[in-house]
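A.B. asks: Kindly return the folded structure for what I paste below:
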Amino acid sequence: MIHLLDAGMQISEQLVAFRRELHRRPELSFQESGTASMVADKLKALGIPFKSGVGGYGIVAEVHGCEAGPVIALRADMDALPIQEETGLDYASIHPGVMHACGHDAHTAILLGAAQLLVQHEFSGTIRLLFQSAEEINAGARAMIAEGVLAGVDEIYGLHNLPTLPAGQVATRYGPMLGAVDRIEIDVEGIGGHGAIPDRSVDPIVCASAIVMALQTVVSREISPFDPAVVTIGSFHSGEANNVIPGRATLTGTVRTFESRVQASMASRLERVVRQIAEGYRCKAALKYIGQVPVLHNDEDCVRHVESVVDELIGANNRFAASPTLGGEDFSLYLQQVPGCFFWLGSGPQENAEQAYGLHHPKFNLHEECLPLGSSLLAAVALQRLSQKR
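C.D. replies: Next up, the predicted model:
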């Protein structure tokens, strides 16, 4: 498989150029029409059949072997984030307020690079390439699954760049790796009035502030410290004028858990706190709890396979055990349906990578030497697995 590493390096300049073009033109979730068009053009040039418009602007392509056999899927996400870029790069985003701050431009380029390597090989079976929309809003994988992209798939593999891990390194984890993700929306209703006469009003801002603080006790006082969980309120909107008590406050937040039983308990816990705190402040409150994605749980056999490929391509000294994180990924939905493995691809500097700007930061950038390695790894993972399953 070492030849795949060399082959990846030979297309490095193409991968970098394509990734930079995607970086200039980022598109938000379910708006990736331009990105999908660019991917389609590359697939056409490679002679790979594909279907577009799957689960939004997703693309499903297949590289067929010379004989029938198992189906291995490889996935990349394509969407960007509503962030104003601050990198100062000469290929920075030309779309105000939109940025590839999570490296999905790199993931897309990496999977296309893997496709370019795969068409040069003979194998038995099929390698299905999933270019997915809307990972950032935890909706794309569900939409693609609903359209049957996993039909006949035996295993699925994917990667995500990690700027705090040096380029040239990989991190894997057995079992649970990333947290479950849920969304909460809270509406607090009070009675508006003059800011100088609070006794004639029922202040929803004071009530909502108390709710924000009380929600933190669900994690600190109701859940075992051995069960990781986070409740974060990310938006709080109420009122327009400095001297007016508004009649309503709205909040949104995210809930992260690492065990399915804990995830299942959160809706009732939070609803109780929201309702009873509101009653204490003479307000009415409603909680909308939206389940999004489960814990990302890797299959042990698939992890062992990825590790063997990594060790052969770049050496076991460049493979590390990934720490668990409550960051989420809708790749977990694929893993609910079929066995597979999701792993980290280092994209940071060789020195002091732990100090690099992280994912979702307006100054996020990746070291592009990770691109050919990512392509080589995905191609090798698929080809080697098919050879084992003959």
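
A.B. asks: how long is stretch 49-60 from one end to the other?
C.D. replies: 9 Å (Cα to Cα, to the nearest Å).

A.B. asks: oh, I was asking about stretch 318-330
C.D. replies: End to end - Cα to Cα - stretch 318-330 spans 27 Å.

A.B. asks: quick one: strands adjacent to the helix or strand Gly53 falls within?
C.D. replies: Element membership of Gly53, judged by DSSP states H and E, is strand 50-54. In its sheet, strand 50-54 lies beside strand 58-64 (antiparallel), with partners assigned from DSSP bridges.

A.B. asks: ok now the strand it pairs with, how far from the chain's centre?
C.D. replies: Remark: strand 58-64 is offset 20 Å from the chain centroid, using Cα atoms, centre = their mean, to the nearest Å.

A.B. asks: And for stretch 145-152?
C.D. replies: 19 Å.

A.B. asks: Show me which positions of that stretch end up buried.
C.D. replies: For stretch 145-152, a neighbour-count test (16 or more other Cβ atoms under 10 Å) marks Ile145, Val149, Leu150 as buried. The C-beta positions use only the backbone N, C-alpha and C, and glycine is treated the same way.

A.B. asks: quick one: contacts for Ala180?
C.D. replies: Arg256, Thr257, Phe258, Ser260, Gln263, Gln292, Val293, Pro294, Val295, Gly328, Ser332 (Cβ atoms under 8 Å, 6 or more residues apart in numbering).

A.B. asks: go with 7 Å
C.D. replies: Residues in contact with Ala180 (Cβ atoms under 7 Å, 6 or more residues apart in numbering) are Arg256, Thr257, Gln263, Val293, Pro294, Val295, Gly328.

A.B. asks: Pop out the phi and psi values for the fifth one.
C.D. replies: Geometry field for Pro294 lists phi and psi as phi -80, psi 180, criterion degrees, to the nearest 10.

A.B. asks: Please look at it and Asp330 and confirm they touch.
C.D. replies: No: taking contacts as Cβ atoms under 7 Å, Pro294 lies outside contact range of Asp330: 9.4 Å.

A.B. asks: So which of those two has more stuff around it?
C.D. replies: Asp330 (27 against 21; other Cβ atoms under 10 Å).

A.B. asks: mind checking pLDDT for that one?
C.D. replies: pLDDT recorded at Asp330 is 98.

A.B. asks: Confirm for me that it is in contact with Val293.
C.D. replies: Yes: with contact defined as Cβ under 7 Å, Asp330 reaches Val293; the gap is 4.8 Å.

A.B. asks: tell me, what's touching those two both at once?
C.D. replies: Contacts common to Asp330 and Val293, judged by Cβ under 7 Å, 6+ apart, are Asn138.

A.B. asks: buried set for stretch 352-367?
C.D. replies: Buried, per 16+ other Cβ under 10 Å, within stretch 352-367: Ala353, Ala356, Tyr357, Gly358, Leu359, His361, Phe364, Asn365, Leu366, His367.

A.B. asks: Now for these: which two are most distant?
C.D. replies: His361 and His367 (15.1 Å; Cβ to Cβ).

A.B. asks: Low-confidence ranges, the stretch 151-300 of the chain, go.
C.D. replies: By pLDDT under 70, the stretch 151-300 of the chain contains no weakly predicted segment.

A.B. asks: Strands of that one, residue ranges please.
C.D. replies: Counting by DSSP state E, counting those that start in this stretch, the stretch 151-300 of the chain has strands at residues 155-166, 170-172, 175-178, 180-189, 193-194, 229-237, 244-245, 248-257, 284-293, 296-298.

A.B. asks: For Ala316, find the nearest of those.
C.D. replies: strand 170-172 (10.2 Å).
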